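S.K.: Provide a 3D model corresponding to the input given below.
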Amino acid sequence: MAFPGSQTCYLNPAVPFTGTIHGGLQEGLQITVQGSVLFSSANRFVVNLKTGFSENDIALHFNPRFEDGGYVVCNTKQRGCWGPEERKKQMPFQQGMPFELCFLVQRSAFQVMVNKSFFVQYEHRVPFHLVDNISVSGPLQLSYINFQKSPVQPAFPTVHFSQPVHFPPKPRGRKPKPPVIWPASPAPVTQTVIHTMHSAPGQMFPNPGIPPMAYSSPPYPVPFFTAITGGLYPSKSIIVSGTVLPSARQFHINLRSGSDIAFHLNPRFDENTVVRNTQISSSWGIEERRLPGKMPFTRGQNFLVWITCESHCLKVVVNGHHLCDYNHRVKNLPAINNLEVAGDIQLTHVQA
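M.R.: Alright, predicted model coming up:
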């Protein structure tokens, strides 16, 4: 997947997995690993940020262990020799359950979040810029590993993540009121069907012939509405992943500026196309429908959309393939500060 630094997003990689971090680690880079812990006799899994493809130089060894009540080991290996372990007697992962694991590279340490909550800070023992590979092993089913470089480095405990918002009904004949934002609350657990698409380690294009696997995950409500913190700016990325319903007719992803829609991405399955457009003052502009290849979305299968803002356009990548460039029609980028997702899909992840 193309984005700043030409970094690949690894979609549904097979485990064990080893992949390149192009350009190495940089301050402000966030690495997100999303997947599910499988039931297994193996009682631990590992994520390593390392130098090269060998296991001799590991800057961060992140090792949850389901034993003795559960704990997580962090360590560093230099020239084949382990340093002193740092253990946290807390287990944020559960066997049979999905997880989201994020590593943020800061100047003096790695900040680690699990399921959107701060978990641990690990001070650098070796220069982080030497790291150019990530490996994952153990009883895991991975959905993706993605990379996002932020121009402004946040502190993890104060990062604002997407919160569900409910739309009020539109009044007729008068100006609509803004949506009401409800405080975050634990969502009920439902069964989400994810089509698992395996690929060889390092490949980013999946094999669609694998049957679906069901596991429990906290759902995102659809329609879904959330703020884009700071609005758009060059290098800002937005990620939306989910599963298209088997009987889907359409869905849309809107980047909004007030009541205007700066960017409307609208896959239509009955028309076998993806419509792009802008709505200003309730009037739609000229549709863009041309696709570089076949329709990238498929009924009943999962998808990952990556939208990257550049100075003159939005670049859209779907499942690792470039879909389109969309020239900005709304020029005030910071004012484009809300994301809306609606239609015939089950959402599994939003990063805005």
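
S.K.: Just the C-alpha atoms of stretch 290-306, please, in CSV.
M.R.: The C-alpha coordinates for stretch 290-306 follow below in CSV (Å, rounded to 0.1, in the frame of the first residue of the first chain):
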residue,chain,number,x,y,z
ARG,A,290,-13.4,5.5,-13.9
LEU,A,291,-11.6,2.6,-12.3
PRO,A,292,-8.0,1.4,-13.0
GLY,A,293,-9.2,-2.2,-13.0
LYS,A,294,-12.1,-4.3,-11.8
MET,A,295,-14.4,-3.4,-9.0
PRO,A,296,-12.3,-3.7,-5.8
PHE,A,297,-15.1,-4.4,-3.4
THR,A,298,-17.0,-7.8,-3.3
ARG,A,299,-20.2,-8.7,-1.6
GLY,A,300,-19.5,-10.9,1.5
GLN,A,301,-15.8,-10.1,1.6
ASN,A,302,-13.7,-7.9,3.9
PHE,A,303,-12.0,-4.7,2.7
LEU,A,304,-9.5,-2.1,3.8
VAL,A,305,-9.6,1.4,2.5
TRP,A,306,-6.7,3.8,3.1
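
S.K.: in it, what counts as buried?
M.R.: 296, 297, 298, 301, 302, 303, 304, 305, 306 (16 or more other C-beta atoms under 10 Å). All C-beta spots, glycine's among them, are computed from the backbone N, C-alpha and C.

S.K.: Tell me which of the residues you listed fall in helices.
M.R.: Assigned to helices by DSSP state H, none of those qualify.

S.K.: okay if I get the residues you listed as CSV plus distance to residue 349 and pLDDT?
M.R.: Below are the buried residues of stretch 290-306 laid out as CSV (distance: C-beta to C-beta, whole Å; pLDDT from 0 to 100):
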residue, distance to residue 349, pLDDT
296, 18, 93
297, 16, 95
298, 18, 94
301, 15, 88
302, 10, 85
303, 11, 87
304, 8, 86
305, 10, 91
306, 11, 88
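
S.K.: and which of those residues is nearest residue 114?
M.R.: residue 304 (20.8 Å; C-beta to C-beta).

S.K.: so what's residue 139 up against?
M.R.: By C-beta atoms under 8 Å, 6 or more residues apart in numbering, the residues touching residue 139 are 37, 38, 39, 40, 42, 45, 95.

S.K.: so the first one sits right up against residue 100, yeah?
M.R.: This points to residue 37. No - with contact defined as C-beta atoms under 8 Å, residue 37 does not reach residue 100; the gap is 11.9 Å.

S.K.: Tell me where the model's unsure across the chain.
M.R.: Scanning the chain for pLDDT under 70 picks out 1-8, 150-219.

S.K.: Domain-wise, how is it divided?
M.R.: The chain breaks down by automatic domain parsing into domains covering 10-154, 220-351.

S.K.: coming back round to it: among the contacts of residue 139, which one is most surrounded by other residues?
M.R.: Highest neighbour count within the contacts of residue 139: residue 45, with 22 neighbours (other C-beta atoms under 10 Å).

S.K.: Packing partners of the helix or strand harbouring residue 256?
M.R.: Using DSSP states H and E, residue 256 sits in strand 251-257. Contacts defined by 3 or more C-beta pairs under 8 Å, 6 or more residues apart in numbering; DSSP states H and E place strand 251-257 against strand 237-244, strand 260-268, strand 302-309, strand 338-343.

S.K.: Name the strands paired with that strand and say parallel or antiparallel.
M.R.: strand 260-268 (antiparallel), strand 338-343 (antiparallel) (DSSP bridges).

S.K.: so which of these is the most packed in?
M.R.: strand 260-268 (a mean of 22; mean count of other C-beta atoms under 10 Å).

S.K.: chain center to that strand, what's the gap?
M.R.: Put simply, strand 260-268 sits 20 Å off its chain's centre (C-alpha atoms, centre = their mean, to the nearest Å).

S.K.: Could you do stretch 12-28 as well?
M.R.: So, by C-alpha atoms, centre = their mean, the centroid of stretch 12-28 is 14 Å from its chain's centroid.

S.K.: how about the CA coordinates for that stretch, as CSV?
M.R.: Written as CSV, here are the backbone C-alpha positions of stretch 12-28 (Å, rounded to 0.1, in the frame of the first residue of the first chain):
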residue,chain,number,x,y,z
ASN,A,12,-4.3,-10.8,6.4
PRO,A,13,-0.7,-12.0,6.6
ALA,A,14,-0.1,-15.7,7.5
VAL,A,15,1.6,-16.3,10.8
PRO,A,16,4.5,-16.7,11.4
PHE,A,17,5.2,-13.5,9.5
THR,A,18,8.2,-11.3,8.8
GLY,A,19,7.9,-8.1,6.9
THR,A,20,10.0,-5.1,6.0
ILE,A,21,9.6,-1.6,7.5
HIS,A,22,10.7,0.5,4.5
GLY,A,23,12.9,3.3,5.6
GLY,A,24,13.2,1.9,9.1
LEU,A,25,11.6,3.3,12.2
GLN,A,26,11.1,7.1,12.5
GLU,A,27,10.0,9.2,15.4
GLY,A,28,6.2,9.5,15.3
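
S.K.: got the buried residues for it?
M.R.: 12, 13, 14, 15, 17, 18, 19, 21, 24, 25, 28.

S.K.: Share the number of residues neighbouring residue 244, please.
M.R.: 22.

S.K.: Is it correct that it is in contact with residue 303?
M.R.: Yes - the criterion here is C-beta under 8 Å, and residue 244 meets it with residue 303 at 6.4 Å.
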